[in-house]
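*Asks:* can you look at this prediction? I've put the sequence above it.
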Amino acid sequence: MKSNSFLLILALLLVVSCGKKQLPILGERVVVIKIVDGKEVVDTIYQTVPDFSLINQDSSIVTQQVINDKIYIADFFFVTCPTICPRMKKNMLTIYNAFKGNSNIVFLSHTIDPEHDSVAVLRDFAKRLGVESKQWHFLTGNRDSIYELASNGYYATALPDSTEPGGYVHSGGLILIDKYRRVRGIYDGTNEKEATILISDIDLLLNEKK
Amino acid sequence: MKKNSFLVFIIAVIAFSSCLDNKFNNATINLASGYQLYEKNCSNCHQTDGTGLAQLYPPLVNSDFIKNNPTAIDSIIKYGQKGPITVNGIEYNMAMPSSHKLSDFEIKQIASYVLIKFNKLDSLVLNQLN
């Protein structure tokens, strides 16, 4: 009967629309209207992570070139951190091992204590963590640049705070960025469950078409 | 009279059993408190299961260092640890911060927890060490 087929179509539509999860694009966006082939086209321009120039644990200068066309995970930490960083690093290591050797995935850990976390300190840290510098860069450099990058580029907070154990307060977020340098997710690095979600979200991005 | 002596008997039983309870409670409280203190102060680096992290933070579970130096744990927790340390054949060299916020009793509870839970040290042996 008519109502039966209507229900069937409705059910089918629901099933079809229940498609794969899509990650949001975070940050500011600007809607622009362009003329393409004489027609008006609406386009959205998303905020992207700005250019940067830092030094990694091998003393190599690392810029946005290293994440060109790659999906990457960024975080902000410091080596002597007694509170959240060890958990963040453990969870990040789990994620790293899930994608080890995958040239499409890169990890950028930025130190927010560049005075202490020199290249030598970061090299020792990375070696002890057991990770390859080609895929997981531990970055140091100019303090102001790093802090600005954290807040403007990645919505991560990092502030010196003498009352905080370790001397710094920071957000502990793991930030997921797609190959167009758009932030697609921020995950609590101290939470194992969120790390698992991040792994499946990375898979989503790997399979995403623009 | 019978009633009085019965009452005295009941009071005595209660007093005696509460005495036993205290002893039992003290042992339970120590491990439970030790666990809570460990979770709050130590698990972020050494992990809830005591396995540590890679070559950064040494494991506490089945640790030859702990088994060979059981009385050193209190001091390490209190004053921190610097310089290289070898645990189960692997060298670690990350400075461990001191715990100036913990009382000596709290430190003892954490140390007991680590020794009993992670290294299976008998609580009798523990008492002898104390």
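*Replies:* Arrived safely, thanks for sending. Residues are numbered from 1 along each chain as shown, chains lettered A, B, ... in the order given.
*Asks:* after the helix or strand where B:Asn4 lies, which helix or strand is next? Please name it.
*Replies:* Using DSSP states H and E, B:Asn4 sits within helix B:2-41. Using DSSP H and E, the helix or strand that follows helix B:2-41 in sequence is helix B:43-46.
*Asks:* roughly how far is the helix or strand following that following helix from the heart of the chain?
*Replies:* Next helix or strand after helix B:43-46 toward the C-terminus (DSSP H and E): helix B:64-68. Offset of helix B:64-68 from its chain centre (CA atoms, centre = their mean, to the nearest Å): 15 Å.
*Asks:* need the CA coordinates for helix B:64-68. PDB is fine.
*Replies:* Output of helix B:64-68 as PDB, limited to C-alpha atoms (Å, rounded to 0.1, in the frame of the first residue of the first chain):
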ATOM      1  CA  ASP B  64      65.100  -5.800  40.700                       C
ATOM      2  CA  PHE B  65      66.100  -2.400  41.900                       C
ATOM      3  CA  ILE B  66      63.200  -2.300  44.400                       C
ATOM      4  CA  LYS B  67      63.700  -5.900  45.500                       C
ATOM      5  CA  ASN B  68      67.400  -5.100  46.200                       C
END
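*Asks:* other residues contacting it?
*Replies:* By CB atoms under 8 Å, 6 or more residues apart in numbering or on different chains, the list of residues contacting helix B:64-68 from outside reads B:Pro58, B:Leu60, B:Ile73, B:Ile85, B:Thr86, B:Val87, B:Asn88, B:Val114, B:Leu115, B:Phe118, B:Asn119, B:Leu121. In short, each C-beta sits where N, CA and C put it, glycine included.
*Asks:* surely the first one and B:Pro84 touch.
*Replies:* Same thing as B:Pro58. No: checked against CB atoms under 8 Å, the pair B:Pro58 and B:Pro84 is beyond contact range at 10.9 Å.
*Asks:* so who does the closest residue to A:Gly101 other than its chain neighbours touch?
*Replies:* Nearest non-adjacent residue to A:Gly101, counting by CB to CB, 6 or more residues apart in numbering or on different chains: A:Gln135, 7.6 Å away. In this structure, A:Gln135 makes contact with A:Tyr96, A:Lys100, A:Gly101, A:Ile105, A:Val106, A:Phe107, judged by CB under 8 Å, 6+ apart.
*Asks:* after the one helix or strand the last one maps to, next one along is what?
*Replies:* Under the criterion DSSP H and E, the helix or strand holding A:Phe107 is strand A:105-111. The helix or strand immediately downstream of strand A:105-111 is helix A:119-129, counting by DSSP H and E.
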